[in-house]
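**Q** Take a look and give me a structure for this.
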Amino acid sequence: MSKHGKVLVAMSGGIDSTVTALMLHEQGYEVVGITMKTWDYSSAGTSKKETGCCNLDSFNDARAAAVHHGFPHFILDIRDEFGDFVINNFVDEYIAGRTPNPCVLCNTHIKWRALMKRADAMDCEFIATGHYARLRTESGRGVISRGVDDTKDQSYVLWGLDQDVIKRTLLPLGGYRKTEIRQMAFDFGYPELAKKAESYEICFVPDNDYRGFLKRKVEGLEEKVNGGNFVLADGTIVGKHKGYPFYTIGQRKGLDIALGKPIYVTGIIPETNTVVLGEEHELQRSQMRVGGINMVKYDHIPEGMESVVKIRYKDKGTPGNLYNEADGIVKVDFYEQVKSIAPGQSAVFYEGDDVLGGGIIRR
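**A** The predicted structure is shown next:
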């Protein structure tokens with residue numbers, strides 16, 4: 001009989017998930033390791049060697065750690081579950097002129113649900129991952145908070161988790177800094193993990209070339225969209241582009257156009273295959289609207305509530321007020337101008353270190 005209960009731990013083979021499993025095992029949990037195969041690079045139409053979380057070496061590393069410490073480990077193939085939803089959404093969002101965040105979608109709808117389903121089948125009370133964020137229960141609700149290490153905090157990508165999932169999740173790394181986790185890997189006898197490089201690529205875009213991925217996934221896409229107009233805000237045509245799906249709001253590099261001053265993508269109009277260009281100040285906005293809201297700390301947003309809002313993973317956040325509109329839309333009025341708000345990205349609302357909730361930027 002375990003000291004704290006039975007936990008299903010997502011193990012990628014990397015340092016964070018391995019230390020997570022070993023910490024919980026040492027604390028007296030009955031640990032079951034599981035490695036999820038979400039993607040294989042042969043399906044991406046590229047010859048690049050597999051790296052990151054979906055390669056044989058990572059599977060073997062995860063299994064070796066489990067075997068060495070005496071707890072079971074399984075490999076779970078969720079490529080069908082992953083591909084139909086996450087990848088189709090990724091493609092559809094770019095075709096719609098938006099910039100998706102597939103990691104948020106995967107966490108919310110695929111990985112955690114896959115873990116919950118298998119946890120129930122294995123009679124595990126808990127699931128655990130190596131994310132740097134903290135969890136607690138307050139007033140009957142599961143609350144997500146920033147991790148102690150602000151350089152590694154991953155609370156931003158967890159805003160979509162439902163209450164039933166949060167209450168059964170353990171995130172033991174949230175109270176530690178990355179340097180401490182590296183030391184733990186040494187102490188557990190895995191010095192090679194402490195030196196292992198981290199991957200920041202999207203797992204199904206192995207060469208970090210999302211444009212090439214779109215071309216391979218959508219037959220004839222390049223021919224259909226190549227040669228649209230670059231225009232200024234007043235409609236003046238200033239050049240031709242390679243297709244609107246291949247550009248993102250705030251992009252400066254790779255435009256292949258010279259206007260005698262720094263120029264950025266400020267808008268994308270899919271209906272006319274048009275990409276709008278402008279100067280840096282034209283990227284500044286003081287307001288945005290967010291849909292697809294998932295509440296975390298509270299069950300609703302009090303009208304006019306003050307919050308710090310992050311519009312991308314590495315964003316430091318900007319304070320503003322939140323207002324409820326029709327059809328579940330939340331309007332954000334920022335206290336200062338915010339640069340490069342990109343429809344399709346996640347907006348996450350914070351109260352101090354706590355995640356109030358989040359959603360998808362509409363406009």
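**Q** dump the residue contacts of the closest residue to Trp112 other than its chain neighbours.
**A** Leaving aside its chain neighbours, Trp112 sits nearest to Val165 (5.1 Å; criterion: Cβ to Cβ, 6 or more residues apart in numbering). Every C-beta, even on glycine, is put in place using the N, C-alpha and C of the backbone. Residues in contact with Val165 (Cβ atoms under 8 Å, 6 or more residues apart in numbering) are Trp112, Arg113, Met116, Ile127.
**Q** gap between the last one and Lys310?
**A** I take that to be Ile127. 25 Å (Cβ to Cβ, to the nearest Å).
**Q** Let me see the ranges of the helices in the stretch 101-250 of the chain.
**A** Ranges of helices within the stretch 101-250 of the chain are 102-106, 112-121, 163-166, 178-187, 191-194, 210-217, 221-225, based on DSSP state H, counting those that start in this stretch.
**Q** which of these has the lowest average pLDDT?
**A** Of all the helices of the stretch 101-250 of the chain, the minimum mean pLDDT falls on helix 191-194 (a mean of 82).
**Q** just the CA coordinates of that helix, formatted as CSV?
**A** Extracted in CSV, the C-alpha atoms of helix 191-194 (Å, rounded to 0.1, in the frame of the first residue of the first chain):
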residue,chain,number,x,y,z
PRO,A,191,24.2,13.5,-14.8
GLU,A,192,23.5,13.1,-18.5
LEU,A,193,19.9,14.4,-18.0
ALA,A,194,21.2,17.5,-16.3
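**Q** What are the contacting residues of it?
**A** The contact list for helix 191-194, computed with Cβ under 8 Å, 6+ apart, reads Gly14, Ile15, Thr18, Val19, Asp61, Arg182, Gln183, Ala185, Phe186.
**Q** Validate this expectation: Gln18 resides in a helix.
**A** I think there's a mix-up here, since residue 18 is Thr and not Gln. Yes: checked against DSSP: H, G, I helix; E, B strand; the rest coil, Thr18 lies within a helix.
**Q** quick one: the residue lying closest to Gly344 once chain neighbours are set aside and Arg363, what's the gap?
**A** Spatial nearest neighbour of Gly344, chain neighbours left out: Arg98 (3.0 Å); criterion: Cβ to Cβ, 6+ apart. For Arg98, the distance to Arg363 equals 10 Å [Cβ to Cβ].
**Q** rewinding a little: now, which of the contacts of helix 191-194 sits nearest Leu283?
**A** Set against Leu283, the nearest of the contacts of helix 191-194 by Cβ to Cβ is Gly14 (35.0 Å).
**Q** Next one: the closest one, what pLDDT does it get?
**A** pLDDT for Gly14: 89.
**Q** Double-check it against Lys196; I have them as touching.
**A** Yes: Gly14 is in contact with Lys196 according to Cβ atoms under 8 Å; the separation is 6.3 Å.
**Q** Who has more neighbours out of those two?
**A** Neighbours were counted for Gly14 and for Lys196 using other Cβ atoms under 10 Å; Gly14 has more, 21 against 17.
**Q** how close does Thr129 sit to Asp354?
**A** Distance from Thr129 to Asp354, counting by Cβ to Cβ: 19 Å.
**Q** rewinding a little: farthest pair in the contacts of helix 191-194?
**A** Pairwise distances across these (Cβ to Cβ) peak at 18.8 Å, for the pair Asp61 and Gln183.
**Q** In terms of neighbours, single out the busier of those two.
**A** Asp61 (23 against 14).
**Q** Where does the more buried one fall, secondary structure wise?
**A** In this assignment (DSSP states H and E), Asp61 forms part of helix 56-69.
**Q** tell me what that helix is packed against?
**A** helix 15-27, strand 30-37, strand 73-77 (3 or more Cβ pairs under 8 Å, 6 or more residues apart in numbering; DSSP states H and E).
**Q** how about a cut-off of 6 Å?
**A** Applying 3 or more Cβ pairs under 6 Å, 6 or more residues apart in numbering; DSSP states H and E, one finds that helix 56-69 makes contact with strand 30-37, strand 73-77.
**Q** Look up which residues are beta-bridged to the nearest residue to Ala66 once chain neighbours are set aside.
**A** Using Cβ to Cβ, 6+ apart and skipping the chain neighbours, the partner closest in space to Ala66 is His73 (3.5 Å). Taking DSSP bridges as the rule, His73 bridges to Gly33.
**Q** Got the domain ranges for the protein?
**A** Per the record, the chain has its domains at 6-194, 222-278, 283-361, by automatic domain parsing.
**Q** Pretty sure Gly320 sits against Phe334.
**A** Yes: Gly320 is within contact range of Phe334, at 4.0 Å (criterion: Cβ atoms under 6 Å).
**Q** I'd like the contacts of helix 191-194 as TSV, with distance to Ile257 appended.
**A** Shown next, in TSV, are the contacts of helix 191-194 (distance: Cβ to Cβ, whole Å):
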residue	distance to Ile257
Gly14	40
Ile15	43
Thr18	47
Val19	47
Asp61	46
Arg182	44
Gln183	49
Ala185	47
Phe186	50
